[in-house]
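Chemist: here's my sequence, what's the structure:
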Amino acid sequence: MNFLSDTTAPAHPAVIEAMARANTGYAPSYGADALSARVEARLKEIFETDLKLLFASSGTAANALALSALCPAHGAVLCHDEAHIHRDERGAPEFFTGGAKLIALPGEHGKIAMGALEDALAQWPQDFVHASPPRVLSLSNLNEAGCAYSPAETAERAAAANRHGMSVHIDGARFANAVAATGASPADLTWRAGADALSLGATKGGAAMAEAVILFPAAMERFAELQIRQKRAGQMAAKMRFIAAQFDAWLEDGLWLTLAAQANAMARALAEGLCALPGASLAHPVDGNEVFVRLPETLAARLKAAGAGFYGWPDGSARFVASWTTEQADVDALLKAAG
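Modeler: Modelled structure (predicted):
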């Protein structure tokens, strides 16, 4: 009954097998290998556009590197108040950018409210010497409330940012879950909606340790600078083929979306079961693989005593996360413990 996080789940067997296959012979270092090139080519097909790809070992590094390539040290990044880059990365974006300011904005269910975004753009002008000009809008999809931005919602926010000369970054630690949840194409959720860069996470979706920064055509000229920052940040792994191998297996035959769909389905089943219990109610819609539910204290204590793993969230709700390994039997066991 482990619903603590999708990072607690094992890597998918196909990923481990791919790493084992890569563990033969010699290959060029630092991402110049054939596997890395193959993954980039596959991502071009998936996203239906040209792009540049850079690997990282953690989601924090991917986010911080992407933002450092888009935002100057004197600029600002607009993000949701609950965004991972704001709440959970210990100042890494500020550190990697050399001091760029993060400006947190409100909005229900983890989505930046358009009114709040417009107000921020008016309050933080690009040409006022005393203020940090907003240079990047960062959206999380899935976001920290487990909700997905639709292509239209992303495009609306990106258009507002673009009118002020800003770039748009998407934190896609659970991007596969967002694609599976919305049914939209990866292209429609990113560059077609105005995104310049995506932090694509595979670790939460079935990889062992594999993250990537994708620069779409509008930002591809910044790739050389991004590589320099990757090196200085200690993220240019010598044996990059092992990260590439994970992505190669994860993307093969749509496995990444199959695993995400499984996690999403189990989250919906869990949410339905929990909300049927007396006194329980959802804190946010369940779009992906995360369930935020308000539980009576006695029920939460009973679940903990039975060995259920979940987190108490700052807003008073309980967070349950389904992974690619979660099965109906896991959901049933938790609901039985709750009853």
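Chemist: the strands in the chain, which residues?
Modeler: 52-56, 76-80, 101-105, 134-140, 167-172, 197-201, 211-215, 281-282, 290-294, 311-312, 318-321 (DSSP state E).
Chemist: and the fourth one, how far from the chain's centre?
Modeler: Put plainly, it is strand 134-140. Distance, stretch centre to chain centre, for strand 134-140: 14 Å (CA atoms, centre = their mean, to the nearest Å).
Chemist: who touches that strand?
Modeler: Strand 134-140 is contacted from outside by 63, 67, 70-72, 75-80, 83-85, 100, 103, 110, 112, 117, 120-121, 124, 126, 149, 154, 157-158, 160-161, 164-173, 195, using CB atoms under 8 Å, 6 or more residues apart in numbering. (C-beta placed from N, C-alpha, C; glycine too.)
Chemist: with the fifth one instead?
Modeler: By CB under 8 Å, 6+ apart, the list of residues contacting strand 167-172 from outside reads 59, 63, 66-67, 70-71, 77, 83-85, 135-141, 154, 157-158, 161-162, 178, 189-190, 194-201, 218-219.
Chemist: that strand to strand 211-215, inter-axis angle?
Modeler: 150 degrees (axes from the mean of the first three to the mean of the last three CA atoms, to 10 degrees).
Chemist: who does strand 167-172 pair with, and is each partner parallel or antiparallel?
Modeler: Strand 167-172 has its sheet partners listed here by DSSP bridges as strand 134-140 (parallel), strand 197-201 (parallel).
Chemist: so how far is the last one off the chain centroid?
Modeler: Right, the one you point to is strand 197-201. Worked out by CA atoms, centre = their mean, strand 197-201 lies 7 Å from the chain centre.
Chemist: pull the residues that contact that strand.
Modeler: 43, 59, 62-63, 66, 69-70, 167-176, 190, 211-216, 219.
Chemist: and the angle from it to strand 52-56?
Modeler: 40 degrees.
Chemist: mean confidence for the helix ranked longest in the chain?
Modeler: Counting residues, the longest helix found in the chain (DSSP state H) is helix 255-275. Mean per-residue pLDDT for helix 255-275: 98.
Chemist: so for that helix, what gets flagged as buried?
Modeler: 255-257, 259-271, 273-274 (16 or more other CB atoms under 10 Å).
Chemist: now for Asp33: which residues touch it?
Modeler: Asp33 touches Ala27, Met240, Arg241, Ala244, counting by CB under 8 Å, 6+ apart.
Chemist: can I assume the first one is in contact with Ala34?
Modeler: Read it as Ala27. Yes. Counting by CB atoms under 8 Å, Ala27 touches Ala34, with 7.1 Å between them.
Chemist: with neighbour numbers in mind, choose between these two.
Modeler: Neighbour comparison, Ala27 and Ala34: the larger count goes to Ala27, with 16 against 12 (by other CB atoms under 10 Å).
Chemist: contacting residues around the more buried one?
Modeler: Asp33, Ala34, Leu35, Lys239, Arg241.
Chemist: now render the residues you listed as a markdown table, adding distance to Gly206.
Modeler: Shown next, in a markdown table, are these (distance: CB to CB, whole Å):
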| residue | distance to Gly206 |
| --- | --- |
| Asp33 | 22 |
| Ala34 | 23 |
| Leu35 | 17 |
| Lys239 | 21 |
| Arg241 | 19 |
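Chemist: which of those residues lies closest to Glu17?
Modeler: When the contacts of Ala27 are compared for distance to Glu17 (CB to CB), Leu35 wins out at 13.6 Å.
Chemist: how many neighbours does that closest one have?
Modeler: Count around Leu35 with other CB under 10 Å applied: 21.
Chemist: separation between it and Ala159?
Modeler: 37 Å (CB to CB, to the nearest Å).
Chemist: one more: Leu137?
Modeler: From Leu137 to Ala159 the distance is 10 Å (CB to CB).
Chemist: list phi and psi for the nearest residue to Arg135 once chain neighbours are set aside.
Modeler: Spatially, and ignoring its direct neighbours in sequence, Arg135 is nearest to Gly75 (3.5 Å; CB to CB, 6 or more residues apart in numbering). Backbone torsions for Gly75, taken as degrees, to the nearest 10, come to phi -100, psi -170.
Chemist: need the contact list for Gly75.
Modeler: Thr97, Ala100, Lys101, Ser132, Pro133, Pro134, Arg135, Val136.
Chemist: now the residues you listed in CSV, with pLDDT, distance to Asp332 and neighbour count?
Modeler: Listed next are those as CSV, based on pLDDT from 0 to 100; distance: CB to CB, whole Å; neighbours: other CB atoms under 10 Å:
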residue, pLDDT, distance to Asp332, neighbour count
Thr97, 97, 46, 26
Ala100, 97, 47, 24
Lys101, 97, 47, 20
Ser132, 93, 51, 19
Pro133, 95, 53, 19
Pro134, 97, 47, 25
Arg135, 98, 49, 23
Val136, 98, 44, 26
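Chemist: let me see the mean pLDDT of stretch 162-179.
Modeler: Stretch 162-179 comes out at a mean pLDDT of 98.
Chemist: just the CA atoms of it, as CSV, please.
Modeler: This file holds the C-alpha atoms of stretch 162-179, laid out as CSV (Å, rounded to 0.1, in the frame of the first residue of the first chain):
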residue,chain,number,x,y,z
ASN,A,162,4.9,36.2,-25.3
ARG,A,163,3.2,39.6,-25.6
HIS,A,164,5.8,40.7,-23.0
GLY,A,165,8.7,39.2,-24.8
MET,A,166,9.0,36.3,-22.4
SER,A,167,9.9,32.6,-23.0
VAL,A,168,7.8,29.7,-21.7
HIS,A,169,9.1,26.7,-19.8
ILE,A,170,7.2,23.6,-18.9
ASP,A,171,8.2,21.4,-15.9
GLY,A,172,7.2,18.0,-17.2
ALA,A,173,8.3,15.8,-14.4
ARG,A,174,4.9,14.0,-15.0
PHE,A,175,4.5,15.1,-18.6
ALA,A,176,3.6,11.6,-19.7
ASN,A,177,0.7,11.6,-17.2
ALA,A,178,-0.5,14.9,-18.6
VAL,A,179,-0.4,13.5,-22.2
